[in-house]
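> Provide a 3D model corresponding to the input given below.
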Amino acid sequence: MVFTYEKSGVNINNGNKLIKKLKKKLPILGDFGGLFKMFNSKYNLVGSTDGVGTKLKIAFLLNKHDTVGIDLVAMNVNDLICLGAKPLFFLDYYACSKLNINQAEKVVEGIIEGCKLSGSQLIGGETAEMPGFYKNGEYDLVGFSVGMVKKGKEIDGTKIKPGDVIIGLTSSGPHSNGYSLIRNIFSDIELKEYSQQLLMPTKIYVKEVLMAIIKFNTRKANIVGIAHITGGSFYNKIPRILPNHVRAVIKKNSWEIPKIFKIIQKKGNVSDDEIYRTFNMGIGMVLIVRNNVAFQINRFLSGSKIIGYIKSGKRGIEFI
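Below is the predicted model:
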């Protein structure tokens, strides 16, 4: 049997269609974070909102709730830094049928840890009990993050040009995407077997990327594009930041694919196109940088790999 994300209930194309429609009505909508222009200030604000998704179902299955809060923060702050913004503060929304204090405390402890890892502050949130809306013992999580970036220093992809180099930052696993497909492929017994890999928290890239921006973009823009590889993965996320006249070329064999993705692909008979459209495949964030400093930036960033380049052509992505 061939498994796909769409057959698992997630239609990425519909999500993209909705975004296109909304952008016609709200042109200021951002790609990874929304930019709010401040008057009488040297800085602009950047906002982001996201959740953890059905990765929570595995946390429920294993009764392990201490890491999904890190995922929640990561999914938001990793979007902020795609514009070069430093995260400032974070708020959470925790919704359940009936509040389990011990369970909720574990979740919030993870959120606090995620905020520490990203250098931001948890300043509040909302807890909602909605009997009959959620299953007993289950909950949903949403996060809201705000950061700031100096005016004129925003990284928006408009300066990307042919010859630029693509650097990939390694992921800690599937992060928080593709879990509807994972749960469709694996039985509960298998989910427990691979739980260590599947519940590994999303890596937070904030501090290392901000340090690279400070080092390499202070005098001249050498890091010209950043993409957080989440839902829609390579095919959806990288083209978001590309100008119309360039294409991204990704070299498949330029990094080692973590074993968990190979297991998912084999067990689910998932095609190459589908798996690179659904999962990060071991690359959680992509930086597009100038050729003349690519090797310096690659050495500066821990666990990074040069995985491709930019060429002329119709906006999009291709693998070689």
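
> Run through who's touching the longest helix belonging to the chain.
For the chain, the longest helix by residue count, based on DSSP state H, is helix 101-118. Outside helix 101-118, the residues that touch it by CB atoms under 8 Å, 6 or more residues apart in numbering are 65-74, 77, 87, 90, 92, 94, 96, 121-122, 127, 137, 139, 141, 143, 201, 204, 206-207. From N, CA and C alone the C-beta is placed, and that goes for glycine too.

> Stretch 303-318 now?
160-170, 234-235, 238-239, 242-251, 254-255, 283, 286-288, 294-295, 297-298.

> Of the residues you listed, grab the buried ones for PyMOL.
Those of the contacts of stretch 303-318 that count as buried under 16 or more other CB atoms under 10 Å are selected in PyMOL with:
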select buried, resi 160+161+164+165+166+167+168+169+170+234+235+238+239+242+246+247+248+249+250+255+283+286+287+288+294+297+298
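
> So which of the contacts of stretch 303-318 are in helices?
Using DSSP H, those in helices are 234-235, 238-239, 294-295, 297-298.

> There's contact between residue 49 and residue 144 in this structure, I believe.
Yes - between residue 49 and residue 144 there is a contact at 4.9 Å, judged by CB atoms under 8 Å.

> Touching both of the two, which residues are there?
Listed as contacting both residue 49 and residue 144 by CB under 8 Å, 6+ apart are residue 76.

> So which elements touch the helix or strand hosting residue 215?
Per DSSP states H and E: residue 215 is located in helix 206-217. Helix 206-217 makes packing contacts with helix 68-80, strand 86-96, helix 101-118, strand 223-228, strand 283-289, helix 294-300 when contacts are defined by 3 or more CB pairs under 8 Å, 6 or more residues apart in numbering; DSSP states H and E.

> so residue 308 bridges to which residues?
Beta-bridge partners of residue 308, counted by DSSP bridges, are residue 166, residue 250.

> what's the neighbour count on it?
Per other CB atoms under 10 Å, the neighbour tally for residue 308 reads 25.

> Then residue 120?
A count of neighbours around residue 120, defined by other CB under 10 Å, yields 23.

> Find the nearest non-adjacent residue to it, please.
residue 87 (3.8 Å; CB to CB, 6 or more residues apart in numbering).

> what about residue 47, neighbour count?
17.

> If you count contacts, what does the helix or strand encompassing it end up packed against?
Using DSSP H and E, residue 47 sits in strand 43-51. Counting contacts by 3+ CB pairs under 8 Å, 6+ apart, strand 43-51 is packed against strand 34-36, helix 68-80, strand 139-150.

> ranking these by burial, who's on top?
Using mean count of other CB atoms under 10 Å, the stretch among the helices and strands packed on strand 43-51 with the largest mean neighbour count is helix 68-80, at a mean of 29.

> Can you list the low-confidence ranges for the stretch 101-250 of the chain?
The model of the stretch 101-250 of the chain has no residue with pLDDT under 70.
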